[in-house]
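In: show me the folded form of this:
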Amino acid sequence: MELKDRVVLVTGAGRGIGRAIALAFAREGAHLGLMGRTKKSLAEAEQEIRALGGRGVVLPGDVSDEGTVSRCVIACEQELGPVDVLVNNAGIFASGPIDSFDTLVFDRLIAVNLRGPFLMTRAVLPGMKSRRFGHIVNIASTAAKRGFANGAPYCASKFGLAGLSEATLCEARPFDVRVSTVFPSTVLTDLSRSAGIAAKDPARTIHPEDIAEAVVALVKLHGRAMPTSIEIWQTNP
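Out: Numbering: from 1, shown residues only. Reported below is the predicted structural model:
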């Protein structure tokens, strides 16, 4: 896909992986819809995009809220045009023994990590199908393939996202709409640092820019070819 002047909507775009993805698309000449919960971070990302010569629109909102998702997608399309690429990146992390895990935290994990991508996809897919053009990229995790101790609720949300992505692919493919899932291992972000899961040596941890480069490469692939998934690990464990 040629990315110049394409409209890319990224969730969780204010920081970390989402911000890196947004900036990577901006460098390719795309226009960005920036959705996230923190308006200040989104505004800072929008300024960086403008400095690169691109256009961005700030879309503050919670991906798990149905009305908010609808309003944000409409606002993005009114400002920039139909969404060509959706990157479902917004996500949260929590861990703990399943036999004492808080129900409210579990519900929030599912709401952001699974319900959010469902709502976002449902909002943009009809337009992509009618235009017979588009690409949806879901940022999952290697935790969507392999469970780990104290990670049951988080893994459940990401396993669910992988299933949602695969089923969406089956529905979208006849309309020439592509769906890809990215499975990163631990990435050096504020979230991974606060959770204590990032390697102390930055050289031994994947950086957000690495994921961004991979996502852009997937989307730029010729439309006749659909990359269904990519799993990304750090080189040195």
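In: relative to P126, how far out is the nearest residue to K129 once chain neighbours are set aside?
Out: Closest residue to K129 apart from its sequence neighbours, by Cβ to Cβ, 6 or more residues apart in numbering: F175 at 4.1 Å. Any C-beta I mention is one placed from the backbone N, CA and C, and that applies to glycine too. Between F175 and P126 the computed distance is 10 Å (Cβ to Cβ, to the nearest Å).
In: and if you look at K220?
Out: Where P126 is concerned, K220 sits at a distance of 24 Å (Cβ to Cβ).
In: between those two, which one's more packed in?
Out: K220 (13 against 10; other Cβ atoms under 10 Å).
In: for the more buried one, what are its contacts?
Out: Residues near K220 by Cβ atoms under 8 Å, 6 or more residues apart in numbering: M1, E2, L3, E28.
In: nearest to G14, of these?
Out: E28 (20.0 Å; Cβ to Cβ).
In: number of residues surrounding that closest one?
Out: E28: 17 surrounding residues under other Cβ under 10 Å.
In: so V187 bridges to which residues?
Out: Beta-bridge pairing for V187 (DSSP bridges): I206.
In: please tell me I have it right and A94 contacts T103.
Out: No. Assessed by Cβ atoms under 8 Å, A94 is found out of contact with T103, at 12.0 Å.
In: who has more neighbours out of those two?
Out: A94 (16 against 8).
In: which residues in the chain form helices?
Out: Assigned by DSSP state H, the chain shows helices spanning 16-27, 39-51, 66-80, 103-110, 116-131, 152-172, 190-195, 208-220.
In: ok now the longest one, how far from the chain's centre?
Out: When you say that, I think you mean helix 152-172. Put simply, helix 152-172 sits 13 Å off its chain's centre (Cα atoms, centre = their mean, to the nearest Å).
In: buried sites along that helix?
Out: Of all the residues in helix 152-172, those buried under the rule 16 or more other Cβ atoms under 10 Å are 152-162, 164-165, 168-169, 172.
In: what's the burial count for F106?
Out: So F106, with other Cβ under 10 Å, has 18 neighbours.
In: could you verify my assumption that it touches P153?
Out: Yes. Shown here, F106 and P153 form a contact pair, counting by Cβ under 8 Å, at 4.6 Å.
In: give me the residues contacting stretch 123-136.
Out: For stretch 123-136, contacts defined as Cβ under 8 Å, 6+ apart pick out 1, 9, 69-70, 73, 77, 82-86, 88, 121, 165, 168, 171-172, 175-180, 218-219, 223.
In: any low-confidence regions in the chain?
Out: Applying pLDDT under 70 to the chain picks out residues 192-200.
In: tell me who's in contact with the most centrally placed residue in it.
Out: Centroid-nearest residue in the chain: N89, 1.8 Å away (criterion: Cα atoms, centre = their mean). The contact partners of N89, by Cβ under 8 Å, 6+ apart, come to V10, T11, G12, A13, I17, G18, I21, I139.
In: and for A162?
Out: Residues in contact with A162, defined by Cβ under 8 Å, 6+ apart, are N138, A140, A144, K145, T181, F183.
In: please point out which parts of stretch 79-99 sit buried.
Out: Here stretch 79-99 shows 80, 83-95 as buried, counting by 16+ other Cβ under 10 Å.
In: this completes my enquiry, with thanks.
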